[in-house]
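Trainee: Below is the sequence, then the predicted model.
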There are 4 protein chains.
Amino acid sequence: MSIVLGSNQYGKSENRVFRVYRDTARHEIRDLNVSSALRGRFDDAHVTGDQSAVLPTDTQKNTIFAFAKQHGVGAIEDFALALADHFINQTPAAEGARVEVEEYHWDRIQVDGTGHDHSFVRGGSGTRNTVVNVDGSGSDRRAHVVSGISDLTIAKTTGSEFQGFLTDEYTTLPETDDRILATALVARWRYDGTDIAWDKSFDDIKATLLQRFAEIHSHALQESLYGMGATVLEQHPEVAEIRFSAPNKHHFLVDLSPFGTENPGEVFIAADRPYGLIETTVTRDDATDPGSAWHAVPGFC
Amino acid sequence: MSIVLGSNQYGKSENRVFRVYRDTARHEIRDLNVSSALRGRFDDAHVTGDQSAVLPTDTQKNTIFAFAKQHGVGAIEDFALALADHFINQTPAAEGARVEVEEYHWDRIQVDGTGHDHSFVRGGSGTRNTVVNVDGSGSDRRAHVVSGISDLTIAKTTGSEFQGFLTDEYTTLPETDDRILATALVARWRYDGTDIAWDKSFDDIKATLLQRFAEIHSHALQESLYGMGATVLEQHPEVAEIRFSAPNKHHFLVDLSPFGTENPGEVFIAADRPYGLIETTVTRDDATDPGSAWHAVPGFC
Amino acid sequence: MSIVLGSNQYGKSENRVFRVYRDTARHEIRDLNVSSALRGRFDDAHVTGDQSAVLPTDTQKNTIFAFAKQHGVGAIEDFALALADHFINQTPAAEGARVEVEEYHWDRIQVDGTGHDHSFVRGGSGTRNTVVNVDGSGSDRRAHVVSGISDLTIAKTTGSEFQGFLTDEYTTLPETDDRILATALVARWRYDGTDIAWDKSFDDIKATLLQRFAEIHSHALQESLYGMGATVLEQHPEVAEIRFSAPNKHHFLVDLSPFGTENPGEVFIAADRPYGLIETTVTRDDATDPGSAWHAVPGFC
Amino acid sequence: MSIVLGSNQYGKSENRVFRVYRDTARHEIRDLNVSSALRGRFDDAHVTGDQSAVLPTDTQKNTIFAFAKQHGVGAIEDFALALADHFINQTPAAEGARVEVEEYHWDRIQVDGTGHDHSFVRGGSGTRNTVVNVDGSGSDRRAHVVSGISDLTIAKTTGSEFQGFLTDEYTTLPETDDRILATALVARWRYDGTDIAWDKSFDDIKATLLQRFAEIHSHALQESLYGMGATVLEQHPEVAEIRFSAPNKHHFLVDLSPFGTENPGEVFIAADRPYGLIETTVTRDDATDPGSAWHAVPGFC
């Protein structure tokens, strides 16, 4: 028996890149949080302390900011792919690279009904993100893109039941045919290939998730998620699978009867903890092999 | 010399009230975080342990949820005023009451271009809030309303300078005639009186703050804030004064020259700490006496 | 009527100073979070944009780090006083300065039973802090020190009642003669003068607060706080008053009777929101005038 | 091609169990955060909305609190295993169960030098946790235990180098033979089997991690982590592998030369973002098959 190094990766996390395009008086901005990581044959760095194979995380940081100018920031998926390929090519010991990007949404400030040229307000619902994993380079290169949205907080105030469930001696929950269903949705979907209209695909999938959540009469959060995912797969052949992590944010009906007041589904307390947590994958029976696509994807691996 | 009780208050904080109006198939929702506090002659509760003058915080909680049905939730200022008056009337030892409300913004989910009847997505920019302080009751009653917005994250990518400042032996900052100006604005304004169209006043003030931030050519965050506040006072006679707490969220230009790349105001790193913090009041030279209006207003007292 | 500038201050917040003393092989460390702010005659900076009276927050930052070497970091109160005086002296328009310091606690790592020379682990209970306000300089100088501790999470599992309280039509809470009492205590006390053995005073007050919380049979959190504060004042003539902000962190007894199980005070659920919040001052009937001592003290003004 | 359900699990997260043992006047407490999840054949719940195979998350919550009394809370690993086995046995469709437990540390409050019977203060360094995954039941049962510690914030002020690294055109970092090394360590280790003295094993491993961090002269955080893990494996045959996630919390030396002041390793700024992130596994070349041991282990899957 001997002790050995197992799987490992290292990189620079949470580089807050703010990119301004100011070629005309009407500025454009991209506001990103970028994290990089390399994996591969870094045994010496760990075992003997020899760092000669290690591209420092400080260099990774420099590269991320330099690329924001040299390569430019278009769709976050393209930016992440360019960085991942670059890092593998710069680092002989690297067998794979992972680049994660979050993008924060800004709107133009309205001035007398018109969006201002260079003033912005942050907002919107949900945060767009991507995790790119690239293995190898040249003819062996395989690139994986998992994109998604986090913190998409949604609720429906009727059209949600929960009944007919399994019971045991610890069950006290009454059945209900009308409850509030609310979650702070995290959804991540794996793309087949990288020749994708990233921005349009994201916008369409987000709109579909919202619309289907609204439309589906829900017997459980599981059914809502499955239906939302199935529609995404039906409409998006470029998506191989979609995964959800959805806290069931409980809204409990408050008992107002001690005060002589009825409460027919009108006053709720929004609870913090504990919360249900539903994690679900919707996929295709002939889905492509994910390879390392889900490597180090927060909450989904 | 003897030891005595000084100022004190007690209450129930962060009651998460979710109110659904379902009189028709087109539901309306109000999503609130409500905190109450009473102050007054509660010496016995502290000194001897006698709680006979104390309306329990649990009762305050019950009342908040019951009022969401019995009184209803319109503008948060009205809801807070009703609660504050009620608590003073219920509690003989109470000389004053403070009720704080935050309201979370939800939009209808779009389904084929139309807002859905009972499905919602949380979002928007900034969080509306109010702090109401009421002293006394009956003919001695005096009510104070301080409303505001928090976490209104805004940025302008030009039209901002910082130069001509005082220097000393610890100064290294170069002057600049073009920098990014960004903040996560907290603004709170004190109303004169309570006969106000609360929702319209809030919407107008928020729009004015955004528009003026965009329009003002800034020599410092202080100048932007003053100008924003002055316009609010000019346009809103119902506002006695407005206060700002504004972190100067630094965006530092990244030096790309080591990589042979120019960076003419295009790539920035968004920094976390330290940050500048600018706190400013814009008022009227004949402003009414604030009384207890700013009592226990977070960040502004 | 005209619009004018009201109260204002500006500075650099959350400078994370890590100071190593390495004069011998046995290093000492101080780990601080320092925030500065100046107030005074800064009208031009706001109204006309003229910054000539403004010592930049960047200079304040430089000074804080330079002072960590030039002045050294002993007790946080002395460090804050030195900075406040310096800032007032450097800035003719400044009428007052505020310096807040938090200090994070580190212990030496134990190696074979001995504290290591240069390796440390962060921990402990509660975070020590101070807020210093200085008005003026020279013969007009007045210095105020409010020190304290935050996040001191404490609980007692018996010796706590809550009964005999005021009731109304919204009261449902049963009386109890045995409950869990728990809080995440924030305590801040105002010193008379500045010729104080700061470190010893802090250590003694913290120990007293803990001991009295344990000893006092509590009829309400208010009574515990009052008793804790009174003992601090009795034992510490250098303390003029002490203030508490104490969330009543509810631990609700879980009803296990549906499962045929008794629960005589053994299984509780620790709740998040809502929570009671008790804010109390214990003072002396001949306490000195606080002046600006509580200016901008978070949670206590 | 057809759309199908993929991997899934559901449960109740963050049940805050506070357990008091009060058999004698000297109380004992255990303060836990417990999350459960079931995985298996739950297709109907997703696809048709039929919940008849689903043990509700509310029932899981009830069970967790009931078990705190019926089973009792000893080592968190035993508590988690009992719950996981129970949930699989109660739920025919469940093929596996996952139970995660965090435990918060409390010390007795000192009263005149003696630990008090029923009063406690929360503190310590790092948070103990475990993730238990059980597959199947009866003769097919396989149980996995991954225990660990999070938020163990450690620093050494010398004995740390970083030089001899790979460079490219984006490298600007100077080499150093003396820097601060600091991290907020997360370590998780996989046990072989479940017949373990859990509390003693945890205490010993924590002490070893701290001691080795102190002792190892570090050429990079990777080398420190590898050395720490190797010693754990050498001393603990019950541990199959250990994994680390360690942010490199940068402490940058502040340039005081503009102020005529030298800074020989004495004044640092503790930075927030970006940070290096080092993730490493130390294992045995004959380690047992992990099976589902790392299933849904936060940050390590």
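Mentor: Thanks, I have it.

Trainee: what about the spatially most central residue of chain A, which SS state?
Mentor: Taking CA atoms, centre = their mean, the centroid of chain A lies closest to residue A:148, which sits 3.6 Å from it. What DSSP: H, G, I helix; E, B strand; the rest coil gives for residue A:148 is strand.

Trainee: so the nearest residue to it once chain neighbours are set aside bridges to which residues?
Mentor: Leaving aside its sequence neighbours, residue A:148 sits nearest to residue A:188 (CB to CB, 6 or more residues apart in numbering or on different chains; 3.4 Å). Backbone N, C-alpha and C define where each C-beta goes, glycine included. Listed by DSSP bridges, the beta-bridge partners for residue A:188 are residue A:148, residue A:243.

Trainee: cool, residue A:106 as well?
Mentor: Under DSSP bridges, the beta-bridge partners of residue A:106 are residue A:122.

Trainee: so it touches residue A:120, yeah?
Mentor: Yes - in this structure residue A:106 lies within contact range of residue A:120 using CB atoms under 8 Å: 4.2 Å.

Trainee: and for these two, which residues touch both?
Mentor: Here residue A:106 and residue A:120 have A:29, B:155 as joint contacts, going by CB atoms under 8 Å, 6 or more residues apart in numbering or on different chains.

Trainee: Return the distance of the residue nearest to residue A:148 relative to residue C:79.
Mentor: Distance, residue A:188 to residue C:79, by CB to CB, to the nearest Å: 47 Å.

Trainee: Residue A:129 now?
Mentor: 42 Å.

Trainee: cool, residue A:179 as well?
Mentor: According to CB to CB, residue A:179 stands 56 Å off from residue C:79.

Trainee: that older thread, between residue A:129 and residue C:79, point out the one with more neighbours.
Mentor: Counting neighbours by other CB atoms under 10 Å in any protein chain shown for residue A:129 and for residue C:79 shows that residue C:79 has the greater number, 27 against 23.

Trainee: Assumed the more buried one was part of a helix.
Mentor: Yes - with three-state DSSP as the criterion, residue C:79 is assigned to a helix.

Trainee: about what we covered before: pull the contacting residues for the residue nearest to the centre of chain A.
Mentor: Residues near residue A:148 by CB under 8 Å, 6+ apart: A:128-130, A:186-189.

Trainee: Show me which of these is closest to residue B:49.
Mentor: residue A:186 (48.5 Å; CB to CB).

Trainee: so the closest one sits in a strand?
Mentor: Yes - counting by three-state DSSP, residue A:186 is part of a strand.

Trainee: partners of whichever helix or strand residue A:101 is part of, with directions?
Mentor: According to DSSP states H and E, residue A:101 maps onto strand A:94-104. Note on strand A:94-104: by DSSP bridges, its sheet partners are strand A:28-40 (antiparallel), strand A:127-135 (antiparallel).

Trainee: Export those strands as CSV, with columns for mean pLDDT.
Mentor: Compiled in CSV, these are given as follows (pLDDT from 0 to 100):
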stretch, mean pLDDT
strand A:28-40, 98
strand A:127-135, 98
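
Trainee: gap between the nearest residue to residue A:224 once chain neighbours are set aside and residue B:22?
Mentor: Leaving out its chain neighbours, the residue that sits closest to residue A:224 by CB to CB, 6+ apart is residue A:218, at 4.4 Å. Separation of residue A:218 from residue B:22 (CB to CB): 17 Å.

Trainee: again, but for residue A:289
Mentor: 48 Å.

Trainee: do residue A:256 as well
Mentor: To residue B:22, residue A:256 is 15 Å away according to CB to CB.

Trainee: follow-up on the earlier one: need the contact partners of the strand holding residue A:101.
Mentor: Under CB under 8 Å, 6+ apart, the answer for strand A:94-104 is A:9, A:11, A:30-41, A:55, A:76, A:79-81, A:83-85, A:87-88, A:122, A:127-136, A:150, A:292, A:295-296, A:298.
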